[in-house]
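>>> sequence below, structure please.
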Amino acid sequence: MDLKLNSLLAQGYKSSSQIARVLTEGWVKQNSYCPSCGNNILNKFENNAPVADFICVKCNSEYELKSKNSALTLKIVDGAYETMIQRINADNNPHFFFLNYSNKTFEVQNFLVIPKYYFINDIIEKRNPLRQNARRAGWIGCNILLNNIPVLGKIFIIKNSIIENRNKVLERWAKTSFLAKQNKESRGWTIEVLKIVDSIKNKNFKLQDVYAFENILKEKFPSNNFIKDKIRQQLQVIRDKGLIEFKGNGLYQKI
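Sure thing, here's the model as predicted:
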C-alpha cells in the first residue's frame with residue numbers, strides 16, 4: 001500500500017474540490033481493499049452516482065468516500081441534512097470511507113472505514129440554515145459526528161501514516177458485523193451501550209457504572225420504561241459476542 005497520492009491524475013483539473021476527489025478516489029482504487037471480505041478489487045461507480053463511490057466485485061459491499069486535505073476531525077462537514085438522513089435509512093445505504101491527507105506531502109495520513117450499520121440518526125448533526133443573503137438561502141447542511149460512533153465502529157486501515165495489519169482490520173470488521181442483522185431499534189440500543197462502555201475509563205467496570213447513564217438513555221429512548229432491564233440485556237448481547245467479559249458479581253471487563 002503506497003501512501004503517496006498520484007498527482008498525475010489531477011492534470012487538467014483546476015477546481016480544488018475536483019482535484020481532491022480525483023486524487024483520493026484514484027488512491028482508493030489503486031491501494032485499498034474491501035474491509036468486509038478482504039478482496040483487493042474495488043470498482044468505481046460513475047461520477048456523482050446516487051448510490052456510492054466504490055463497490056467490491058466479490059461481496060458487492062458499497063462504499064462512499066469522504067476526504068479532506070487537512071487533519072482528521074471528529075466532526076466531518078457533509079452535504080444536505082435531509083438527503084443524508086434519507087441515505088443512511090435506505091436499504092442500500094453504503095459503508096463510509098474517511099480519508100485525510102497532507103496538502104504539503106500529498107500522502108495519506110488516516111484512512112478509516114465505518115460500517116453502514118453504525119450510521120443511525122444521532123450520528124448526523126443538522127446545521128443551521130444558510131442566511132437570507134446567502135446564494136442558497138435556507139439550505140440546511142449536516143455534520144457527521146465521528147465521536148458519536150463507538151471505538152469498535154471506527155476501523156482504521158491507516159492511522160497516523162501507519163498501515164494497519166490487514167487481518168486485524170478484517171477481524172475488527174467481523175467483531176460487530178452482527179449489528180447488520182439487528183433491527184433498527186435493537187441496533188440503536190447496542191450502539192448506545194457500546195458508547196457508554198467506551199466512556200468508562202477503567203478496563204474493569206460494574207453494572208452500576210452503566211446504570212449511571214440511565215437518564216441519558218431515557219432521553220434517547222423515551223418510550224422505554226425499563227431502562228435498567230434493557231441495559232442488562234444489551235450487556236449480555238455484547239458479552240455473548242465477545243466484546244466484553246463477565247467476571248461475576250456485576251463486574252465486567254473490557255476486551
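
>>> tell me the secondary structure at the spatially closest residue to Gln132 that is not a sequence neighbour.
Residue nearest to Gln132 in three dimensions, not counting chain neighbours: Gly138, with 7.7 Å by Cβ to Cβ, 6 or more residues apart in numbering. No exception for glycine: its C-beta is placed from N, CA and C like everyone else's. Per DSSP: H, G, I helix; E, B strand; the rest coil, the secondary structure class of Gly138 is coil.

>>> tell me where the stretch 151-255 of the chain has strands.
155-159, 162-163, 204-206, 244-248, 251-254 (DSSP state E, counting those that start in this stretch).

>>> if we can go back for a sec, check contacts around the residue nearest to Gln132.
When contacts are counted by Cβ atoms under 8 Å, 6 or more residues apart in numbering, Gly138 touches 129-130, 132.

>>> pLDDT weak spots in the stretch 51-200 of the chain?
51 (pLDDT under 70).

>>> chain center to stretch 215-234: distance?
24 Å (Cα atoms, centre = their mean, to the nearest Å).

>>> beta partners of Asn100?
Lys68, Asn110 (DSSP bridges).

>>> for this structure, which segments are assigned as helices?
16-31, 81-88, 166-175, 184-199, 207-211, 214-220, 227-240 (DSSP state H).

>>> residues of stretch 15-27 that come out buried?
19-27 (16 or more other Cβ atoms under 10 Å).

>>> out of those residues, flag the one nearest to Lys44.
Glu25 (6.4 Å; Cβ to Cβ).

>>> surely the closest one touches Glu46?
No. Counting by Cβ atoms under 8 Å, Glu25 stays clear of Glu46, with 11.6 Å between them.

>>> beta partners for the closest residue to Phe205 other than its chain neighbours?
The shortest distance from Phe205 to any non-neighbouring residue, by Cβ to Cβ, 6+ apart, is to Tyr252 (5.5 Å). In this structure, Tyr252 bridges to Phe205, Phe246 when assessed by DSSP bridges.

>>> I'd guessed Tyr252 sits against Asn202; true?
No. Tyr252 lies out of contact with Asn202 (Cβ under 8 Å); the separation is 10.2 Å.

>>> before I go, just wanted to say thanks for your time.
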